[in-house]
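*Asks:* sequence and predicted structure below; questions after.
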Amino acid sequence: MTSLTVYAAAALVLGSVYFLFVKKPKSQLPLPPGPPTLPILGNVHQAPKSHPWLQYFEWNKTYGPVVHLNMAGQPVIVLGTSKAAHDLLAKKGATFSDRPHFVVAYELALQGMHMLLRPYDERFKLHQRLEAPLLSEKAAKAYLAIEGLESKQLLFDLLKDSGRTINPHGHLERMTASIIYSLFYGHRVRTENDAILVQAHAVNHEFGQLVQVGKYLVDSFPVLNKLPAFLAPWKAEAAAHWKNQCSLHVGNLERGLATPSWNVAKQMQKAVDTQGIAMSVEELALNVGIMADAALDATSETLSWFVLACITEGNRGGNWIAKAQKDLDTVVGRYRLPSLDDQPALPYIEAIVEELLRWRPAGAAGVPHFTKIESTYEGFRIPANSVVIANHWSITREEAVFGPDVEAFVPERWLGDGKHLPTAGFGYGRRICPGRHIARNVLWLNVSRILWAFNVEPELTKGGEPVKVDTKGADGLVTHPLPFKACFTARGDWVGDIVTTGCDTWSVNCDEMLDDIQSTGVFK
Ligand code: HEM
């Protein structure tokens, strides 16, 4: 969606005027430890320029689970263990659920209507209440038929490319986008070049540019926003971006409301109308649209990481792919596809999904929280107006919790006693990802079906060696693999029989499936 360097690091610098207003500390406790600082600049000169989660991890290793950074007066707290993240962000959720404030990207360009960036206030809680029934565990179950349909189509598309090396990203993204846009707007996505998907990418790319670190002085000195427009060129840029956001999200909302069948947009509109909530069309459209954006990127990139894990880590841990395929053959057999009903009998697939979320958390540095109030933790003072980062990369690499082989892909760690390991990747407390039930189902279904149908292998050099692929990934709020190729080969003729005959879904009437969701009675 945006570049995380951008987003997280912007969080580091945006409030450099805050310190002028911070009340004198009430507690005499010391600040948490952190790297040495320079006068005035603090740690600004050490702020990571890309992949910030890697540097945060190093700081957590050196200074401990709670690290304090001083970004020219802006306190930043980096949490590096799941205990610290739970203790502060979840247990003290009333205090730690705010977000840092972005003048250009949030206040101006999004008119304060970006769900992920909203401050923790009454309006945020209202949106959370409106979304909650549509993202609950029950609702996620009601969406399984649509998810199953798109996952069948994924198998069909991959089978067409069987035996060739392909970049799988387009197929994975089409599948995820089609689930989300069908559910949200009643719009099936037939190709990765779908006009709405392309428009969404363009708008998100533009948004990413607006949160570039240091691009706008006004993000560090909000008082500059009082300047007249001719002295404040960012205002015109933000206004142009707002138009593009509206064109995307209001356009999608209107198309969604005009379809014949049930969808999330209609359900949200109904809730707003029946509860008599005063809400502009833009506000509703952005709520639905930003939710769709959040869902799409994180889920499809996690699946890309899964394919990358297959080709780089597949033979580790006693060959986890072979183990999973043995279980699938025993439990599911070769005459039907796996479904969520098989989940209780396939704990190893569940373990693969957990390990995937741990090995490459899609939001490696999480999404920054913010606290307006001073707190204390384990003998340290967390100052008021701190940006608080739960660094998922550190948290998923805690050797005391996961063992010494944290860089390896080892599903076994989640079996037996491992069932109680802390899951990570969806954030914490009152800002925890509300779409996690849907995400987990999509991940489970596609991981199980891909492994049931295909051997997933690396691209080979002319000499027959696996082509080296980058496993560090690109910088960004949603961390994704750099483009790579893999080869999906059907595991046997039986795959062709089932996938060719039963997985070409383009003739299926999705309107009926969407109406079936409504008739489950989950939504009032
Ligand atoms: C593998 C898939 C996904 C991952 C790894 C993921 C991860 C995250 C993370 C780390 C956050 C920030 C949490 C925090 O601030 O502590 C978040 C927020 C959010 N996610 Fe997800 N997410 C995924 C899928 C989804 C889906 C499928 C939906 C919706 C259907 C969704 C909707 C949202 C929304 C609306 C927020 C903003 C919550 C807020 O600011 O209060 N996500 N997600």
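*Replies:* Right, received. Where do you want to start?
*Asks:* got the residues of this structure near the ligand?
*Replies:* The chain comes close to the ligand at residues 115-116, 135, 291, 294-295, 298-299, 302, 362-363, 366-367, 425-428, 431-435, 438-439, as judged by CB under 6 Å from any ligand atom. C-beta: built from backbone N, CA, C; applies to glycine.
*Asks:* and residue 147, what is it in contact with?
*Replies:* When contacts are counted by CB atoms under 8 Å, 6 or more residues apart in numbering, residue 147 touches 179, 441, 442, 445.
*Asks:* take these and keep only those in helices.
*Replies:* 179, 441, 442, 445 (DSSP state H).
*Asks:* turn the residues you listed into JSON lines, columns for neighbour count, pLDDT and distance to residue 491.
*Replies:* Listed next are these as JSON lines, based on neighbours: other CB atoms under 10 Å; pLDDT from 0 to 100; distance: CB to CB, whole Å:
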{"residue": "179", "neighbour count": "28", "pLDDT": "98", "distance to residue 491": "25"}
{"residue": "441", "neighbour count": "21", "pLDDT": "98", "distance to residue 491": "23"}
{"residue": "442", "neighbour count": "26", "pLDDT": "98", "distance to residue 491": "22"}
{"residue": "445", "neighbour count": "26", "pLDDT": "98", "distance to residue 491": "18"}
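*Asks:* show the end-to-end separation of stretch 474-482, please.
*Replies:* 6 Å (CA to CA, to the nearest Å).
*Asks:* about what we covered before: any idea which of the contacts of residue 147 is closest to the ligand?
*Replies:* Distance to the ligand across the contacts of residue 147 (CB to the nearest ligand atom) is lowest for residue 442, with 7.0 Å.
*Asks:* hmm, residue 146 and residue 514 touching each other?
*Replies:* Yes - look at residue 514 against residue 146 with CB atoms under 8 Å: they come within range, at 7.4 Å.
*Asks:* check contacts around the residue nearest to residue 428 when sequence neighbours are not counted.
*Replies:* Among residues not flanking residue 428 along the chain, residue 89 sits closest, at 3.7 Å (CB to CB, 6 or more residues apart in numbering). Shown in contact with residue 89 (CB under 8 Å, 6+ apart): 79, 96, 97, 369, 388, 390, 427, 428, 429, 431.
*Asks:* give me the most central residue, this structure.
*Replies:* Closest residue to the average C-alpha location of the chain: residue 298 at 3.3 Å, with CA atoms, centre = their mean.
*Asks:* looking at this, it is in a helix?
*Replies:* Yes - Residue 298: assigned to a helix according to DSSP: H, G, I helix; E, B strand; the rest coil.
*Asks:* got a list of what the residue nearest to it when sequence neighbours are not counted touches?
*Replies:* Spatial nearest neighbour of residue 298, chain neighbours left out: residue 362 (4.4 Å); criterion: CB to CB, 6+ apart. Contacts for residue 362 (CB under 8 Å, 6+ apart) come out as 297, 298, 299, 301, 302, 305, 425, 478, 479, 480.
*Asks:* the residues of the chain next to the ligand in helices, which ones?
*Replies:* The helices, defined by DSSP H, take in 135, 291, 294, 295, 298, 299, 302, 438, 439 from those.
*Asks:* and the buried ones among those, selectable in ChimeraX?
*Replies:* Entered in ChimeraX, the line below selects the buried ones among those, by 16 or more other CB atoms under 10 Å:
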select :135,291,294,295,298,299,302,438,439
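*Asks:* now render the ones in helices among the residues of the chain next to the ligand as TSV, adding pLDDT.
*Replies:* Shown next, in TSV, are these (pLDDT from 0 to 100):
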residue	pLDDT
135	97
291	96
294	92
295	95
298	95
299	97
302	98
438	98
439	98
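*Asks:* closest to residue 509 among the ones in helices among the residues of the chain next to the ligand?
*Replies:* Ranked by distance to residue 509 (CB to CB), those are led by residue 438 at 22.3 Å.
*Asks:* pretty sure the closest one contacts residue 141?
*Replies:* No - using CB under 8 Å, residue 438 is not in contact with residue 141, being 9.8 Å away.
*Asks:* helices and strands around the helix or strand hosting residue 448, which ones?
*Replies:* Under the criterion of DSSP states H and E, residue 448 resides in helix 436-453. If contacts are counted by 3 or more CB pairs under 8 Å, 6 or more residues apart in numbering; DSSP states H and E, helix 436-453 sits against helix 137-142, helix 144-160, helix 169-185, helix 281-313, helix 316-331, helix 347-359, strand 486-490, helix 493-502.
*Asks:* helix or strand next in line after that helix, which one?
*Replies:* Criterion used, DSSP H and E; the element after helix 436-453 is strand 454-458.
*Asks:* partners of that next one in the sheet?
*Replies:* strand 486-490 (antiparallel) (DSSP bridges).
*Asks:* what comes into contact with the partner strand?
*Replies:* With CB under 8 Å, 6+ apart, strand 486-490 has contacts from 158-159, 161-166, 168, 307-308, 310-311, 450, 453-459, 496, 499.
*Asks:* spatially nearest residue to residue 440 (excluding sequence neighbours)?
*Replies:* residue 353 (6.7 Å).
*Asks:* just checking, the one you found touches residue 445?
*Replies:* No - using CB under 8 Å, residue 353 is not in contact with residue 445, being 10.0 Å away.
*Asks:* low-confidence ranges in the chain?
*Replies:* The chain contains residues with pLDDT under 70 at 1-26, 212-214, 316-318.
*Asks:* pick out the residue of the stretch 51-200 of the chain closest to the ligand.
*Replies:* Relative to the ligand, the nearest point of the stretch 51-200 of the chain is residue 116 (4.4 Å; CB to the nearest ligand atom).
*Asks:* didn't that residue look like it was pressed against residue 367?
*Replies:* Yes - contact criterion CB under 8 Å: residue 116 and residue 367 qualify, at 6.3 Å.
*Asks:* okay, and the common contacts of the two?
*Replies:* By CB under 8 Å, 6+ apart, the residues touching both residue 116 and residue 367 are residue 99.
*Asks:* please identify which of the two sits among more neighbours.
*Replies:* Neighbours were counted for residue 116 and for residue 367 using other CB atoms under 10 Å; residue 367 has more, 22 against 18.
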